[in-house]
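**Q** can you look at this prediction? I've put the sequence above it.
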Amino acid sequence: MQPRHFRHWPKSLPRSLTLPRSTLHAMLEVSAQRYPDKAFSHFFGAALSYREALAQVERLAGFLQHACGVRRGDRVLLDLQNSPQFALAHYAILRADAVAVPVNPMNVAGELAHYIEDSDARVAICGQERWPQLAGLSLPHVIVAAYRDYAGEETDLPLPEAVAAARAKIEARGVTLWTDALAAGHAPASSRAQPQDLCLMPYTSGSTGRPKGCMHTHATVMHNVLGAALWEGMHQDSVALCTAPMFHVTGLVHSLNAAVWCGATMAIQPRWDPELAARLIERYRCTHWANVPTMVVDLLSHPRALGHDVSSLQCIFGGGSSMPEAIATKLFETCGIHYMEGYGMTETISQTHMNPAQEPKRQCLGIPVFDSEALVADPATRAVLGPGEAGEILVRGPQLLTGYWKKPKDYRDAWVEIGGRSFFRTGDLGRMDEDGYYFISDRLKRMINAAGFKVWPAEVEAAMYRHPEIQECCIIASPDERRGETVKAVVVLKPGARAAAGEILEWAHAQMAAYKAPRKLEFVEALPRSGSGKIQWRELQEKEWGKSPGSRP
């Protein structure tokens, strides 16, 4: 019996993908051969051709190998904002047969230290605004890029501070400026990478609070890159608006790699600015836009953004949080297209589910994509549940990670066997309807979703306990009109402590990435505890949302 969602499968698409027996960096080589003079990227008035992009990737890969000693399988930290340099560095690391470790450019030194130590990275490529966070960490080699080098000399587009900054002089042992690395002219050795080789290791946190490296191969990533391009109708004449962070799987797969697979063009925006996004759409006739729903909310509510022509958009894809009904309606009225919601995780290198373009459902995860399976099971008994019944969403498919770096037990514990087949536990509670579409209802794991950024309370709590006047702390999600959820700290001060809420919040912002840091704080005399002494975080969570258990979105 065929899965029920096949009745809604796009008629123009295959149900299974035949993947190329090649690596991710080979995509760039093929597109550069096909479209050498076509724009690889647009960045503040400057275009970079596919021919130029490939040449620079080759030189940077050669520098990594010859000057930095990068060998096959070595991990290289990638700490850049959205930029041509991010894209080039990503492919250069892969061309050197190494493993890219993309990190959030909002991370502070303490957070970066864990990624470096855990991944055993000895080399980093970073934006010059990130150098102060990396300067004191143990990295023998750092390549530092200035975004201004890739912007036009004269542009009418407003330059963010990081892009406007002139190339800095950094005199430190082991540091090489990006331009000098390219000028060295090193050629890389012939690639020996195979599709099953590790190539990408983004980090995700969990209930323990310690970020884990998700091990992805060229093959696992390639499956979703090809799937994204096909499902979203991307081709060589498409133009992708790149606002989703490229360090995150959505931007990495749907904006960067899918565009390069097709030989499409990227219009790159480093930091989110709704009016600038509208100008880029109008100027470059952008057709595809991967984002988080908050970006669409901002664009449609900005007083000047919709003064620009955004009619070229053909597909707007996103996930991370539900698209509000009113915004989805306004988007259709403005652009004539439906918002295509999808669902995935870092462990699945983006999508396991997507809404079919011809039959999307709102506030819905969609249907399982190419070669992917999903089911809903009782979290305790593992009994498979039918349509309309709520349980944990389980998934399996060729895009699943091959392991958690250095954490084999965590990897084993993330899987469950049902009917003789292994399924990955997503930790999300949801249901499937009669049509085979999936909907999320709650989270089995304790996690906060702030404008698409995943925040794990245990990680934030570990940082908060370093404050000298905090005795106890519990991190919960608080409703936020724009972000959906935001981070709130419920704090018990040590006896005699006099710290003010504002002081603690300011301190917290210096300890961790901005999206993780609490934006709200409440002082209490004591935290609720169970009979065994465990903090009852769910009681605080339910009180904050004013809802019954299990009703939080």
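**A** Sure, I can see it.
**Q** let me know whether residue 324 touches residue 300 as I believe.
**A** No: the pair residue 324 and residue 300 fails to qualify as a contact (CB atoms under 8 Å) at a distance of 10.4 Å. The C-beta positions use only the backbone N, C-alpha and C, and glycine is treated the same way.
**Q** low-confidence ranges in the stretch 401-550 of the chain?
**A** For the stretch 401-550 of the chain, residues meeting the criterion pLDDT under 70 lie at 442-444, 530-534, 547-550.
**Q** which residue ranges form the strands in it?
**A** Under the criterion DSSP state E, counting those that start in this stretch, strands of the stretch 401-550 of the chain are mapped to 403-404, 415-418, 421-432, 438-443, 448-450, 453-455, 470-480, 484-493, 520-523.
**Q** which one of those lies nearest to residue 306?
**A** strand 484-493 (22.4 Å; CB to CB).
**Q** what lines up beside the closest one in the sheet?
**A** The strands that strand 484-493 pairs with in its sheet are strand 470-480 (antiparallel), strand 520-523 (parallel) (by DSSP bridges).
**Q** just send these back as TSV, with mean neighbour count and distance to residue 166 too.
**A** As requested, these are exported to TSV (neighbours: other CB atoms under 10 Å; distance: least, CB to CB, whole Å):
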stretch	mean neighbour count	distance to residue 166
strand 470-480	20	37
strand 520-523	16	38
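**Q** which of these sits closest to residue 507?
**A** Across those, closest to residue 507 is strand 470-480 (CB to CB), at 9.7 Å.
**Q** what does that closest one rub up against?
**A** By CB atoms under 8 Å, 6 or more residues apart in numbering, the list of residues contacting strand 470-480 from outside reads 448-450, 455, 457-458, 460-461, 464-465, 485-495, 497, 499, 504, 518-520, 526-527, 535, 537, 540-541, 544-545, 552.
**Q** just to revisit the earlier point, can I get the strands paired with strand 484-493 in CSV including distance to residue 236?
**A** Converted to CSV, the strands paired with strand 484-493 look like this (distance: least, CB to CB, whole Å):
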stretch, distance to residue 236
strand 470-480, 40
strand 520-523, 47
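**Q** for residue 397, which of those is the nearest?
**A** strand 470-480 (28.8 Å).
**Q** the closest residue to residue 346 other than its chain neighbours bridge partners, please.
**A** Once flanking residues are discounted, residue 346 sits nearest to residue 204: 4.0 Å by CB to CB, 6 or more residues apart in numbering. Beta bridges link residue 204 to residue 212 when assigned by DSSP bridges.
**Q** what residues are up against residue 204?
**A** 211-212, 214, 345-347, 454.
**Q** again with residue 16
**A** Residue 16 neighbours (CB under 8 Å, 6+ apart): 370-371.
**Q** tell me the confidence at it?
**A** On pLDDT, residue 16 comes in at 97.
**Q** what's the neighbour count on residue 33?
**A** 12 (other CB atoms under 10 Å).
**Q** widest-spaced pair of the contacts of residue 204?
**A** Maximum distance among the contacts of residue 204 (CB to CB): 13.9 Å, for 211 and 345.
**Q** circling back: report the buried members of the contacts of strand 470-480.
**A** 448-450, 455, 457-458, 460-461, 464, 485-493, 499, 504, 518-519, 527, 535, 537, 540-541, 544, 552 (16 or more other CB atoms under 10 Å).
**Q** tell me the contacts of the spatially closest residue to residue 454 that is not a sequence neighbour?
**A** Leaving aside its chain neighbours, residue 454 sits nearest to residue 447 (5.9 Å; criterion: CB to CB, 6+ apart). Residue 447 makes contacts with 427, 454-457, as judged by CB under 8 Å, 6+ apart.
**Q** before we move on, what about residue 195?
**A** 19, 21-23, 217-219, 222.
**Q** so what pairs up with the closest residue to residue 231 other than its chain neighbours in the strands?
**A** Distances taken as CB to CB, 6+ apart place residue 354 nearest to residue 231, at 5.5 Å, with adjacent residues excluded. Taking DSSP bridges as the rule, residue 354 bridges to residue 342, residue 367.
**Q** what is the burial count for residue 354?
**A** The burial count for residue 354: 27, using other CB under 10 Å.
**Q** pLDDT below threshold where in the chain?
**A** 205-209, 321, 442-444, 530-534, 547-553.
**Q** one more time with 50
**A** 548-551, 553 (pLDDT under 50).
**Q** break it into its domains for me.
**A** The record's domain parsing of the chain by automatic domain parsing lists 24-344, 368-443, 448-545.
**Q** of those, flag the one that's most buried.
**A** domain 24-344 (a mean of 20; mean count of other CB atoms under 10 Å).
**Q** returning to that earlier point: who's in contact with the residue nearest to residue 231?
**A** Per CB under 8 Å, 6+ apart, neighbours of residue 354: 231, 317, 340-343, 366-367, 369.
**Q** and it, how far is that from residue 366?
**A** 4 Å (CB to CB, to the nearest Å).
**Q** what sits in contact with each of the two?
**A** Common neighbours of residue 354 and residue 366 (CB under 8 Å, 6+ apart) are 340-343.
**Q** I'd like the residues you listed as TSV, with distance to residue 242 appended.
**A** Output for these, formatted as TSV (distance: CB to CB, whole Å):
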residue	distance to residue 242
340	17
341	19
342	17
343	21
